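In: Below are the sequence and a predicted model; questions follow.
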Amino acid sequence: MKNHNISYINLKSIVHTLVIMRLIRPLGLSIASVMLFSMLTYSQVYSSEEEYVDVLIGFTEEVDESEIIEEGGDVKYDFTSIEVVAASIPEDAIEELVLDPNIAFIEYDAPVFALGHTSSIAEYSNSWGVDHIQADKVHVSGNKGSGIRICILDTGIDYNHSDLAANYKGGKDFINNDNDPKDDNGHGSHVAGIAAAVLNGAGVVGVAPQAHLIIGKVLNGAGTGNISDVIAGIEWCVDNDAQIISMSLGSPIGSVAWKAALDAAYSDGVLLVAAAGNSGKCDGTGSNVVYPAKYPSVIAVTATTMENDRLINAFCPHPLFNTGSSTGPQVELSAPGDNIRSAWLNGAFRTLDGTSMATAHVSGSAALVWLTDEIIWAPQGYTNGDGVWSNGEIRTVLDRTAQDLGVDGRDRKYGYGLVRPDLVTSDVASSMVTKFFGSFTANVIAQIGCDTAENKLKAKGMFSLDSNNINLLREHVTVIIGPFELTIPGGSFKDKDNIVFRGEIDNIKTTMIIKDLGNDEFKFKFIAHSLDLSWLSGDPVLVKLGIDDLGKTVVTPQIVDNCA
């Protein structure tokens with residue numbers, strides 16, 4: 001049974017809240033237009049005559065639409081990957097529905113809308129971002145992302161455009177509920193062109209000019225829609241075998257249903273890429289990454305200039321225009337987002353700014369990586385070496401081959417740095433210095449227990465390491481060695497041969513494997529690895545600490561019935 005967590009939000013109290021937007025940098029937005037937008041939004045989402053509200057309703061078990069219908073509601077979507085429906089219901093009905101024990105939550109189906117600014121300015125010279133991340137070098141090698149399926153959720157596509165028609169492979173319009181995702185705004189065509197405009201000697205070129213574009217129109221001509229439309233689009237992308245879902249949209253408001261749909265898509269092997277947002281401060285302080293980029297299953301992308309600086313409003317630090325690319329710990333990758341020329345409506349081209357544009361560069365880069373050799377990254381621990389890419393492996397390689405920007409290592413402004421698909425090669429992989437420290441012994445104080453009430457396994461303990469060169473490692477390695485308390489689902493430890501814990505501390509990946517040898521005896525294996533540890537040498541290195549045959553177990557682990 002899921003937790004009963006009702007979250008009803010009164011529309012009248014949040015009508016002025018900024019929710020989902022197309023992530024183009026807003027420049028020169030007047031006070032009058034802001035006020036007009038607020039009035040339009042209020043009239044769209046709340047009517048005193050009808051008194052209906054758009055909501056997302058989550059169920060603890062199976063979806064049951066009967067009570068919604070009985071209360072006079074209309075079901076818009078019955079999602080397939082999550083136990084959630086989108087519905088329009090009388091506001092008074094919420095008081096009755098929250099009493100249903102089968103309803104886990106009711107949340108606002110937030111409107112989606114557009115903010116943006118456009119300006120006017122051989123294919124690669126027209127596509128400086130593609131050239132800047134050196135995707136052209138990948139194209140010369142013969143890799144143009146051929147056949148990789150990128151699903152773009154946006155305002156649709158101009159599928160007759162000379163730079164888009166060849167790669168367009170179908171779509172769906174969730175605004176008008178048909179199979180014609182015709183773009184009546186322009187933003188969707190623009191990001192589609194950045195990701196996969198064809199290399200035809202004219203116009204612009206995309207990062208992956210032979211990738212297949214499948215399009216979910218989830219925003220209307222004014223750039224507005226609802227979270228439920230985006231969720232429906234996510235499910236449609238998965239059902240249509242998308243390998244990458246690119247989302248140049250976002251919201252400062254989270255959603256239980258939205259996160260669940262994204263997690264389900266990620267579990268199905270789809271790589272998720274989204275814009276971090278354009279709500280950052282001029283000085284880059286604060287945490288303002290928007291959803292869905294803020295969710296752990298999604299790569300959050302920020303925007304950079306030709307000089308590899310963070311994109312900020314041209315009027316910064318003017319008090320009315322104190323905005324730039326969003327910052328925060330969730331920022332994972334950077335990509336060009338300043339003065340990006342790409343496809344527009346009616347076969348035209350236009351120049352836009354923002355994290356929307358950066359997101360499409362990363363989505364196209366992922367398509368290029370998907371056609372490289374997965375095996376070359378196995379020695380670094382980035383892939384499992386089976387020759388088949390997973391979404392997690394693509395993500396790791398994109399992160400670890402990014403060109404570091406800003407302060408050393410991952411940071412809140414640039415993430416791991418500028419995406420560089422040209423570095424995903426065997427030469428780069430083989431050039432990395434790898435150092436192994438296999439002479440470690442470890443002392444382990446551990447208690448293994450099973451919390452039968454919650455069907456979870458809990459481990460508590462302390463690791464300490466001894467090594468001939470511990471003086472070199474002590475300052476840095478001890479950040480990952482120390483007290484631990486880890487919990488995983490799955491029932492009693494006695495029923496499992498191996499339990500694996502994974503985590504990340506200070507960008508150092510950690511794995512602990514506990515093997516049940518029987519008779520309450522356990523064998524521990526601890527592995528840690530990280531890149532760019534300059535304290536070992538002047539060059540980037542990969543460090544692996546593998547502890548398989550432990551020196552001794554100070555306290556024999558014990559099985560207990562209650563881990564409280």
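Out: Perfect, I can see it now.

In: Going toward the C-terminus from the least confident helix or strand in the chain by mean pLDDT, what's the next helix or strand?
Out: When the helices and strands of the chain are scored by mean pLDDT, DSSP states H and E, helix 31-45 comes last with a mean of 24. Using DSSP states H and E, the helix or strand that directly follows helix 31-45 along the chain is strand 52-59.

In: who does that next one touch, helix- and strand-wise?
Out: strand 84-90, helix 94-97, strand 103-108, helix 227-239, helix 256-267 (3 or more Cβ pairs under 8 Å, 6 or more residues apart in numbering; DSSP states H and E). C-beta here means a position set from N, CA and C on the backbone, and glycine is covered the same way.

In: which other helices and strands contact the shortest one?
Out: In other words, helix 94-97. Partner elements for helix 94-97 (3+ Cβ pairs under 8 Å, 6+ apart): strand 52-59, helix 66-70, strand 103-108.

In: and residue 244, which of those is closest to it?
Out: Residue 244 sits nearest to strand 52-59 of all the helices and strands packed on helix 94-97, at 25.0 Å, using Cβ to Cβ.

In: Give the pairing partners of that closest one; include direction for each.
Out: Strand 52-59 pairs in its sheet with strand 84-90 (antiparallel), strand 103-108 (antiparallel), by DSSP bridges.

In: what sits up against that strand?
Out: Residues from elsewhere that reach strand 52-59 (Cβ atoms under 8 Å, 6 or more residues apart in numbering): 11, 45-46, 68, 76, 82-91, 94, 97, 102-109, 226-228, 231, 255-257, 260.

In: Provide a ChimeraX selection command restricted to the buried entries of these.
Out: To isolate the buried members of the contacts of strand 52-59 in ChimeraX, using 16 or more other Cβ atoms under 10 Å:
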select :11,45,46,68,76,82,83,84,85,86,87,88,89,91,94,97,102,103,104,105,106,107,108,109,226,227,228,231,255,256,257,260
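
In: returning to that earlier point: so for residue 217, which of the helices and strands packed on strand 52-59 sits nearest?
Out: Residue 217 lies closest, by Cβ to Cβ, to one member of those: helix 227-239, at 8.0 Å.

In: Residue 264 and residue 84 touch, don't they?
Out: No - counting by Cβ atoms under 8 Å, residue 264 stays clear of residue 84, with 10.7 Å between them.

In: Test my guess that residue 165 contacts residue 159.
Out: Yes - using Cβ under 8 Å, residue 165 makes contact with residue 159 at a distance of 6.0 Å.

In: Please identify which of those two sits among more neighbours.
Out: A direct count of neighbours by other Cβ atoms under 10 Å for residue 165 and residue 159 places residue 159 higher, at 20 against 14.

In: measure the more buried one to residue 345 for me?
Out: 11 Å (Cβ to Cβ, to the nearest Å).

In: What of residue 302?
Out: According to Cβ to Cβ, residue 302 stands 27 Å off from residue 345.

In: Quote the end-to-end distance of stretch 168-184.
Out: Distance between the two ends of stretch 168-184: 16 Å, counting by Cα to Cα, to the nearest Å.

In: State the mean pLDDT of that stretch.
Out: The average pLDDT for stretch 168-184 rounds to 97.

In: go on, stretch 320-330?
Out: 89.

In: CA atoms only: put that stretch into PDB for me.
Out: What follows is stretch 320-330, C-alpha atoms only, in PDB (Å, rounded to 0.1, in the frame of the first residue of the first chain):
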ATOM      1  CA  LEU A 320      14.500  44.000 -13.900                       C
ATOM      2  CA  PHE A 321      16.500  41.600 -16.000                       C
ATOM      3  CA  ASN A 322      18.600  39.700 -13.400                       C
ATOM      4  CA  THR A 323      18.400  36.300 -15.200                       C
ATOM      5  CA  GLY A 324      20.700  33.800 -16.800                       C
ATOM      6  CA  SER A 325      21.000  30.100 -17.300                       C
ATOM      7  CA  SER A 326      19.900  28.300 -14.200                       C
ATOM      8  CA  THR A 327      22.500  27.000 -11.700                       C
ATOM      9  CA  GLY A 328      22.500  24.400  -9.000                       C
ATOM     10  CA  PRO A 329      23.900  20.900  -8.000                       C
ATOM     11  CA  GLN A 330      21.600  19.200 -10.600                       C
END
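
In: Residue 302 and residue 345 - which one has more neighbours?
Out: Applying other Cβ under 10 Å to residue 302 and residue 345 shows that residue 302 carries more neighbours, namely 34 against 21.

In: secondary structure class for the more buried one?
Out: Following DSSP: H, G, I helix; E, B strand; the rest coil, we place residue 302 in the strand state.

In: On the pLDDT front, check residue 442 for me.
Out: pLDDT at residue 442 comes out at 42.

In: Skip ahead from the strand or helix carrying residue 358 and say which helix or strand is next.
Out: Using DSSP H and E, residue 358 sits within helix 355-370. Downstream of helix 355-370, the first helix or strand assigned by DSSP H and E is helix 391-400.

In: If we go by neighbour counts, what in the helix or strand just after that next one is buried?
Out: Counting by DSSP H and E, the element after helix 391-400 in chain order, helix or strand, is helix 426-431. Buried residues in helix 426-431, defined by neighbour count with 16+ other Cβ under 10 Å: residue 429.

In: ok, now stretch 170-189?
Out: Applying 16+ other Cβ under 10 Å to stretch 170-189 flags 171-175, 181-189 as buried.

In: Let me have those in JSON lines, extended by secondary structure and distance to residue 281.
Out: Below are the buried residues of stretch 170-189 laid out as JSON lines (DSSP: H, G, I helix; E, B strand; the rest coil; distance: Cβ to Cβ, whole Å):
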{"residue": "171", "secondary structure": "strand", "distance to residue 281": "37"}
{"residue": "172", "secondary structure": "strand", "distance to residue 281": "38"}
{"residue": "173", "secondary structure": "strand", "distance to residue 281": "37"}
{"residue": "174", "secondary structure": "coil", "distance to residue 281": "34"}
{"residue": "175", "secondary structure": "coil", "distance to residue 281": "33"}
{"residue": "181", "secondary structure": "coil", "distance to residue 281": "35"}
{"residue": "182", "secondary structure": "strand", "distance to residue 281": "37"}
{"residue": "183", "secondary structure": "coil", "distance to residue 281": "32"}
{"residue": "184", "secondary structure": "coil", "distance to residue 281": "34"}
{"residue": "185", "secondary structure": "coil", "distance to residue 281": "28"}
{"residue": "186", "secondary structure": "coil", "distance to residue 281": "28"}
{"residue": "187", "secondary structure": "helix", "distance to residue 281": "24"}
{"residue": "188", "secondary structure": "helix", "distance to residue 281": "29"}
{"residue": "189", "secondary structure": "helix", "distance to residue 281": "31"}
